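> My questions concern the predicted model and sequence given below.
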Amino acid sequence: MKEEKTGSVKELIFHNDSNFFTILLFESTEEQFFAVGKMPDPKKGRSYRLTGEWTEHPKYGEQFAFSSFEELEPTTAEGIAAFLSSGIIKSVGPATAMEIVRRFGDDTLRVIAEDPDRLTTVRGIGPVKARAIAEGYAAHRSYSQVVLKLSAYDISPAVCMKLYKVYGAEAAEVVKENPYRLIDSVYGIGFVKADRIAQKVGIPPDSPFRLRSAVIYDLEYHAGLGDTFVPETDLTEDVAAMLDVPREDVSSAIFDLALDGRVFKENLEDRNVVILHSYRRAENYCAAKLLQLINCELTAIPVSPDRLIKRSERVAGIELSETQRRAVMSSLGNGVSIITGGPGTGKTTIIRMILSVLEEAGIPTELAAPTGRAAKRMSQASGREAQTIHRLLEYSYEESTDRMVFGKNAEDPLDAGCVIIDEISMVDILLMEGLLAAIKPGTRLILVGDADQLPPVGAGTVIADLLDSGIIHSTRLTEIFRQAQESMIVVNAHAIDRGERPEFNGRGSDCFFLERTGDKEIAATIKQLCESRLPSYFGHLDPFRDIQVLTPVRKGICGCVELNKTLQEALNPPSPEKHEKTFGDKVFRVGDKVMHIKNDYMLEWKDLNTLQSGTGVFNGDMGVVSSIDEDSGRVNVLYDGDRLVSYDFTNLEELEPAFAITVHKSQGSEFPVVVMPMTHFPPMLATRNLLYTAITRAREGVVMVGDPRIPGAMTDNTSARKRNSGLKARLLKLWEMNDESLG
């Protein structure tokens with residue numbers, strides 16, 4: 001039988017942030033009892049009206065199971081003091097709360113809400129603080145009402161807070177009218193979660209809101225897989241099956257979205273395809289700008305390039321191979337050129353030579369790479385300053401448009417005669433668009449990288465499309481130079497690339513294989529390697545900085561989620577001296593290695609060396625948790641040893657432990673030693689280019705653990721998923737049109 005219980009939280013026994021399940025010691029005027037149910041944001045000292053019924057727990061005895069609740073404002077002076085000091089108003093602590101209540105008694109909350117100027121009669125409270133208290137109290141009342149309404153839809157407190165920040169007191173009404181709006185406005189709510197909320201709200205299954213959102217969701221899902229477009233028949237069938245609706249309804253939704261300009265329907269490579277506006281714009285722009293750069297007259301080099309190359313060779317004490325010399329000459333003589341090759345093939349030597357020639361010719365050059373780690377390696381290898389592409393392009397928040405923009409663009413291009421981009425295989429189509437927009441005609445663009453690595457995390461296959469088009473001048477380096485031949489890491493990488501089986505455990509080798517049976521034994525061995533065996537063997541390795549575990553998968557005993565738990569326990573165990581914060585199923589602890597897992601262009605950072613600040617932390621950036629402050633609700637992470645980023649507790653979904661990471665997330669990075677499990681992975685991940693990418697991340701040693709048959713099987717598996725990318729087709733079409741107009 002349903003009952004109502006009115007009282008306050010005496011103690012918070014248990015609360016689960018992810019599903020709101022809560023156990024309270026609840027106190028009314030007549031009794032104390034345990035109450036269990038779902039409550040988004042319970043706090044000790046707050047008053048509630050609970051509606052539920054008594055149940056008997058087999059272990060804990062009688063409990064009041066509440067199915068709904070309402071937060072109540074306290075009516076007694078003691079209750080008001082506890083309420084104000086519970087943290088709802090940041091500027092009010094226990095001492096200030098007692099002073100206010102002592103002055104106004106049971107009338108305190110009315111004074112704060114209706115006559116806050118009277119607060120200035122309390123010692124220590126001036127006009128500014130009085131306003132802050134009144135605003136904090138009003139915000140809490142408004143937020144409490146929003147949370148109460150949204151909790152019916154199983155929306156987490158963290159998401160409630162984000163919704164409230166975006167929509168204010170209207171958040172619940174927005175959700176009720178069209179929950180699919182949340183997808184675009186709140187990070188953490190995707191189509192699946194919005195659809196679940198929509199079902200609770202009562203949105204009909206064939207709602208146009210639902211159909212259109214599902215189409216966009218499927219296009220974005222494929223973009224996450226690397227596709228810039230989806231064939232229309234595939235898209236229609238995918239969405240119809242996902243929603244269990246007729247295909248005709250999906251076709252109508254696609255047509256409506258095309259009319260609104262959110263998607264485009266076009267024929268590409270003899271297929272009717274659907275593409276999001278941003279990817280179509282990027283592909284068309286990149287194709288047109290590349291052709292413009294190819295056909296432009298270049299800034300002249302006043303002296304014979306061949307003479308400058310020979311002079312630079314003498315100064316550096318080296319002699320370029322014929323292929324290297326051809327790569328340098330091609331880079332100097334063409335508007336756009338590509339240099340691709342595996343490890344040990346001399347890409348760094350070529351970059352140094354190009355820089356030397358351009359410097360002597362007086363042509364200013366900019367160096368950049370997609371990630372901070374890659375840019376730092378480029379600087380060390382070239383002896384010149386290199387930046388991330390985002391920093392080079394002055395990526396920042398523009399208040400007038402409320403969006404992130406590249407400061408360097410077609411209106412304000414880079415002041416350089418040459419731009420060299422390393423790790424070009426990591427560059428997706430949207431970043432390529434931003435880069436090309438900032439390059440003025442007549443500038444040399446030199447793209448350097450390894451075309452055999454995994455494609456970028458973002459959508460598109462820029463480097464593959466450019467090479468396959470045959471339009472861009474390119475040099476493929478295949479010769480392994482003598483010093484590199486001494487490393488089995490390099491030798492094995494090239495063997496894998498040719499489809500040959502890698503070799504391990506030879507005399508003096510830096511590639512090792514430890515045979516183990518079963519995932520549990522593999523994981524246990526990886527733990528031992530990182531904890532003690534590898535630091536002891538190499539003698540100079542720091543388990544945090546110098547050893548990186550890579551794995552193809554996230555799930556399973558040998559996936560990065562479980563391996564991170566194992567390695568965190570071994571390398572950074574709990575300690576009374578180390579603060580930690582639990583977020584969902586993750587625990588962040590001071591000293592943990594972590595990775596930022598989404599591009600957040602608004603997140604602020606501060607350089608501890610220069611004291612400069614800026615915005616933008618990117619997918620794949622790795623750092624260490626330097627401190628956790630419960631009072632301010634923040635986790636501080638140090639990236640690259642000098643860039644400090646502070647995360648609010650509500651934004652911790654952007655972080656994850658990084659003792660073990662996926663091979664995809666390792667692109668652009670290099671580590672002294674790489675450790676990798678070798679077990680039975682899904683065929684779409686157990687591919688040749690994934691194994692090649694993993695091995696080429698290591699500088700001093702590779703250790704593989706598990707089934708010795710797996711590396712050979714991965715080498716044989718060339719069936720990596722082919723992405724849908726339109727850059728090549730658009731480039732060739734423009735090239736043909738250009739030829740016809742000239743003819």
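Structure received.
> Distance-wise, check the residue lying closest to P456 once chain neighbours are set aside relative to A82.
Counting by C-beta to C-beta, 6 or more residues apart in numbering, P456 lies nearest to D428, which is 4.3 Å off, once chain neighbours are set aside. Quick note: C-beta positions are derived from backbone N, CA and C, even for glycine. Plainly put, D428 is 53 Å away from A82 if you go by C-beta to C-beta, to the nearest Å.
> Same question for I522.
Per C-beta to C-beta, I522 is found 53 Å from A82.
> same deal with Q380?
Separation of Q380 from A82 (C-beta to C-beta): 58 Å.
> residue boundaries of the helices in the stretch 601-743 of the chain?
If you assign secondary structure with DSSP state H, counting those that start in this stretch, the helices in the stretch 601-743 of the chain sit at 688-695, 710-716, 727-742.
> Which pLDDT does the model give Y647?
On pLDDT, Y647 comes in at 91.
> which residues touch it?
603, 634-637, 654-655 (C-beta atoms under 8 Å, 6 or more residues apart in numbering).
> Recalculate using a threshold of 7 Å.
Shown in contact with Y647 (C-beta atoms under 7 Å, 6 or more residues apart in numbering): 634-635, 637, 654-655.
> just checking, the residue nearest to P456 touches G460?
Yes - counting by C-beta atoms under 7 Å, D428 touches G460, with 4.9 Å between them.
> So between these two, which is more surrounded?
G460 (29 against 22; other C-beta atoms under 10 Å).
> Assess the claim that the more buried one and M426 are in contact.
No - with contacts counted by C-beta under 7 Å, G460 stays clear of M426, the gap being 11.1 Å.
> now the contacts of Y647 in CSV, with distance to E237?
Listed next are the contacts of Y647 as CSV, based on distance: C-beta to C-beta, whole Å:
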residue, distance to E237
R634, 46
V635, 43
V637, 43
E654, 34
L655, 37
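> how about the strands of the stretch 251-400 of the chain, start to end?
Assigned by DSSP state E, counting those that start in this stretch, the stretch 251-400 of the chain shows strands spanning 263-268, 271-276, 336-341, 365-369, 386-388, 395-398.
> what does the stretch 601-743 of the chain give?
Taking DSSP E, counting those that start in this stretch as the test, the strands found in the stretch 601-743 of the chain are 613-617, 622-629, 634-639, 643-648, 655-657, 660-662, 671-678, 698-706.
> What's the separation between the residue nearest the centre of the chain and K149?
Relative to the mean C-alpha position of the chain, the nearest C-alpha, by C-alpha atoms, centre = their mean, is the one of K598, at 1.8 Å. To K149, K598 is 29 Å away according to C-beta to C-beta.
> now do N689
Counting by C-beta to C-beta - N689 and K149 are separated by 50 Å.
> and the two? which has more neighbours close in?
Ranked by neighbour count (other C-beta under 10 Å), N689 and K149 place N689 first, with 21 against 16.
> Tell me the pLDDT of the more buried one.
Model confidence at N689, given as pLDDT, is 91.
> swap in the one 4 residues further on?
At T693, the model reports a pLDDT of 93.
> again, but for the one 5 residues further on
At A698, the model reports a pLDDT of 91.
> Can you give me the neighbour number for it?
Neighbours around A698, by other C-beta under 10 Å: 25.
> how close does the residue nearest to it when sequence neighbours are not counted get to V491?
Closest residue in space to A698, ignoring its immediate chain neighbours: V674 at 4.0 Å, by C-beta to C-beta, 6+ apart. Using C-beta to C-beta, we find V674 at a distance of 16 Å from V491.
> ok, these two, which is more surrounded?
More crowded of V674 and V491, by other C-beta under 10 Å: V674, with 25 against 22.
> next structured bit after the helix or strand of the chain with the lowest mean pLDDT?
With mean pLDDT, DSSP states H and E as the measure, the helix or strand of the chain carrying the lowest mean pLDDT is helix 482-485 (a mean of 57). Counting by DSSP states H and E, the next helix or strand C-terminal to helix 482-485 is helix 488-497.
> In the sheet, which strands lie alongside the helix or strand just after that next one, parallel or antiparallel?
Once the chain leaves helix 488-497, the next helix or strand it forms, by DSSP H and E, is strand 511-515. Using DSSP bridges, the strands paired with strand 511-515 are strand 698-706 (parallel).
> Can you point out the buried residues in the strand it pairs with?
Neighbour-count burial for strand 698-706 flags 698-699, 701-706 (criterion: 16 or more other C-beta atoms under 10 Å).
> ditto for stretch 718-725
For stretch 718-725, using 16+ other C-beta under 10 Å, the buried residues are 720, 723-725.
> model confidence over that stretch, on average?
Rounded mean pLDDT across stretch 718-725 is 87.
> Do you have the helices of the stretch 301-450 of the chain handy? List them.
Ranges of helices in the stretch 301-450 of the chain, per DSSP H, counting those that start in this stretch, are 305-316, 322-333, 347-361, 372-382, 389-392, 429-437.
> any chance of those helices in TSV, with distance to L72 too?
Listed next are the helices of the stretch 301-450 of the chain as TSV, based on distance: least, C-beta to C-beta, whole Å:
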stretch	distance to L72
helix 305-316	78
helix 322-333	73
helix 347-361	68
helix 372-382	50
helix 389-392	49
helix 429-437	50
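> wait, which of the ones you listed is closest to V624?
Checking these against V624 by C-beta to C-beta gives helix 372-382 as the closest, at 13.7 Å.
> how far is that closest one from where the chain is centred?
The gap between where helix 372-382 is centred and where its chain is centred comes out at 21 Å by C-alpha atoms, centre = their mean, to the nearest Å.
> Now that helix: buried residues?
Buried residues in helix 372-382, counted by 16+ other C-beta under 10 Å: 372-378, 381-382.
> how deep is the residue nearest to L608 when sequence neighbours are not counted tucked in, by neighbour count?
Distances taken as C-beta to C-beta, 6+ apart put D642 closest to L608, at 5.0 Å, once the chain neighbours are dropped. D642 has 12 neighbouring residues, counting by other C-beta under 10 Å.
> likewise T610?
T610 has 8 neighbours, counted by other C-beta under 10 Å.
> so what's it scoring on pLDDT?
pLDDT for T610: 83.
> Cool, thanks, talk later.
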